[in-house]
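Here is a sequence together with a model predicted from it:
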Amino acid sequence: MQRRLALASFAALGLSACGFQLRQAPRFGFSALRLAGAGAYVMPALRRELQIYGLRVITTADPKDAPDAVVLRVLLDQRERAVVGQTASGQVRELQLRQRFRFNLQTHDERILIDDTELLLERDLSFNETQVLAKDAEELLLYRDMTADIVQQVVRRIAALDKV
């Protein structure tokens, strides 16, 4: 028993000495962010995530609502589906799912903080026409996971900025 305790404390001491630290909630260099542009897939999830972290998210186009807000402009938010594998008889066997998200971030006076940035995620999906409903559900799950990955990448990029 004491041997396990000593081993556990040695492991904890070793992790603290190497600089290991759990990921903290992001801190932003601004208090308000305006979402601009059209985005049906990533924007709702991004709005929820930013609000969870305590950032005031404005979706109206009126700059009087928050004159000091930085603007995250969504330039592209789309999903793609491409056939990458077929049988000899022409039946689909494999699909590639893609999700693209292009955005930029600028201050209220249009000073660029993050230049146009495109995030592209791809996932492969095997397909079987006898399991169409299950594959549709799997496709939706893969798209939801890609959306969550994109949201986390955008949040980390925004949080990496210094004070605005």
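Now that the structure is in, tell me what you want to look at.

avg pLDDT for the longest helix belonging to the chain?
Longest helix in the chain, counting residues (DSSP state H): helix 132-159. Averaging pLDDT along helix 132-159 gives 93.

Determine how far it lies from the middle of the whole chain.
Relative to its parent chain, helix 132-159 has a centroid offset of 8 Å by CA atoms, centre = their mean, to the nearest Å.

Determine the set of other helices and strands touching that helix.
helix 42-52, strand 70-86, strand 92-106, strand 112-126 (3 or more CB pairs under 8 Å, 6 or more residues apart in numbering; DSSP states H and E). Heads up, the C-betas are built off the backbone N, CA and C, glycines and all.

Go again with 6 Å.
Counting contacts by 3 or more CB pairs under 6 Å, 6 or more residues apart in numbering; DSSP states H and E, helix 132-159 packs against helix 42-52, strand 92-106, strand 112-126.

Any idea how many residues pack against Leu72?
24 (other CB atoms under 10 Å).

ditto for Ala148
Ala148: 13 neighbours (other CB under 10 Å).

Find the nearest non-adjacent residue to it, please.
By the measure of CB to CB, 6 or more residues apart in numbering, the closest residue to Ala148 outside its immediate chain neighbours is Ala45, 6.8 Å from it.

wait, doesn't that neighbour sit right on Val151?
Yes. Under the criterion of CB atoms under 6 Å, Ala45 makes contact with Val151 at 4.9 Å.

Neighbour count for those two, which is higher?
Val151 (21 against 17).

give me every residue that touches the more buried one.
By CB atoms under 6 Å, 6 or more residues apart in numbering, the residues touching Val151 are Ala45, Leu46, Glu49.

again, 8 Å this time
Val42, Ala45, Leu46, Glu49 (CB atoms under 8 Å, 6 or more residues apart in numbering).

what's near enough to touch Thr130?
Taking CB under 8 Å, 6+ apart as the definition, Thr130 has no contacts.

Just confirm it is within a helix.
Yes. Judged by DSSP: H, G, I helix; E, B strand; the rest coil, Thr130 forms part of a helix.
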